[in-house]
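[1] Here is a sequence together with a model predicted from it:
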Amino acid sequence: MSSPDTHAGTNPHSAGHIPAALPTRWKRSPPRTIVALMLREMATRYGASPGGYAWAVLEPLGTLFVLSLAFSLLLRNPSLGESFILFYATAFLPFNMFNGIATAMTNAMMFSKALLKYPAVSWMDALLARFFLNALTMMLVSYILLVSIMWFTGTRTVVDMPPVITAFALALALAFGIGTFNCAIRGLFPVYATIWGIVTRPLMIASAALYIMEDLPKFAQDVLWYNPLVHITGLSRVGFYPIYTPDYINPVYALACALIPMVIGLLLLRQHHLAILNR
């Protein structure tokens, strides 16, 4: 007569036996997981609203139109060039990219909280999915708007691509760094989201998106220099206006402002992601 232990060792459905196929089935595949999370967010954010992805283009376009109309009534010409909408677009679009991606990444853990309980999905997957989806969306929107504005306004300037590419790359890096840090701090201290929202409301004004640094007094320039977004918006305008040659831009400083919070945020999430999910 066989013992219960013998049956438990041979029966694949017994309580103490783990089927050999189980580890393979639950084996993580980060690329597939990230793509799945991206598709889920696309359906949630853009598929549920009328117009879908059209709003991703119409929203910044509406902002640029309002800014151009308002300042054209107050000023005869923008600080650079003759087109108000192009002047604001060259700085607003990299700023908008940073702001949109950083905000999305701040809420990444909360957005995917239910899915993060599965072993196949990690907190890094949630971060990267939100970053890649919003980065691709923002880059496409920026390209469409800049090309359309230059065609509509008849601008014939030759765009110097290296400064423009560098500016948008720094905006992406800064968004990832700040977004990762904010995601960790918000998870540990929920009130941080409210504080961050209040502090950053005047951020567009403080990022030289509505003017150039040379329009400000020397004291204001010295203070705003420590805002890394000032370097990014200024560098973006260099690529569109050959006559604009600012001497305050420091890409290395902007990159450092991206890497430091990124490292801190990743370390905090690695250490405390379970505590954040269980809140």
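    Yep, that arrived. Numbering: from 1, shown residues only.
[2] Nearest residue to T137 in space, please, no chain neighbours.
    A56 (5.6 Å; Cβ to Cβ, 6 or more residues apart in numbering). For the C-beta atoms, the positions are set from N, CA and C on the backbone; glycine is no exception.
[3] hang on, isn't the one you found packed against I144?
    No. Using Cβ atoms under 8 Å, A56 is not in contact with I144, being 9.5 Å away.
[4] before we move on, back to that, model confidence score at the residue nearest to T137, please.
    pLDDT for A56: 72.
[5] Please give the element, helix or strand, for it.
    Per DSSP states H and E: A56 is located in helix 54-74.
[6] if you average pLDDT over the following helix or strand past that helix, what comes out?
    Per DSSP H and E, helix 54-74 leads on to helix 84-106 as the next helix or strand towards the C-terminus. The average pLDDT within helix 84-106 is 93.
[7] the inter-axis angle of helix 84-106 versus helix 54-74?
    Between helix 84-106 and helix 54-74, the angle comes out at 140 degrees (axes from the mean of the first three to the mean of the last three Cα atoms, to 10 degrees).
[8] and the next element down the chain from helix 84-106?
    With DSSP H and E, the next secondary element past helix 84-106 is helix 108-111.
[9] list the helices and strands that following helix packs on?
    helix 123-153, helix 161-188, helix 251-277 (3 or more Cβ pairs under 8 Å, 6 or more residues apart in numbering; DSSP states H and E).
[10] Any chance of those in CSV with distance to A70 and mean neighbour count as columns?
    Converted to CSV, the helices and strands packed on helix 108-111 look like this (distance: least, Cβ to Cβ, whole Å; neighbours: other Cβ atoms under 10 Å):
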stretch, distance to A70, mean neighbour count
helix 123-153, 17, 19
helix 161-188, 24, 22
helix 251-277, 29, 16
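[11] For stretch 115-129, measure first residue to last.
    Stretch 115-129 has its terminal residues 13 Å apart, counting by Cα to Cα, to the nearest Å.
[12] sorry, back to before: how many neighbours does the residue nearest to T137 have?
    By other Cβ atoms under 10 Å, the residues close to A56 number 19.
[13] Against M138, how distant is it?
    Using Cβ to Cβ, to the nearest Å, we find A56 at a distance of 8 Å from M138.
[14] Which helix or strand in the protein has the lowest average pLDDT?
    Within the chain, no helix or strand scores below helix 21-25, which has a mean of 39 by mean pLDDT, DSSP states H and E.
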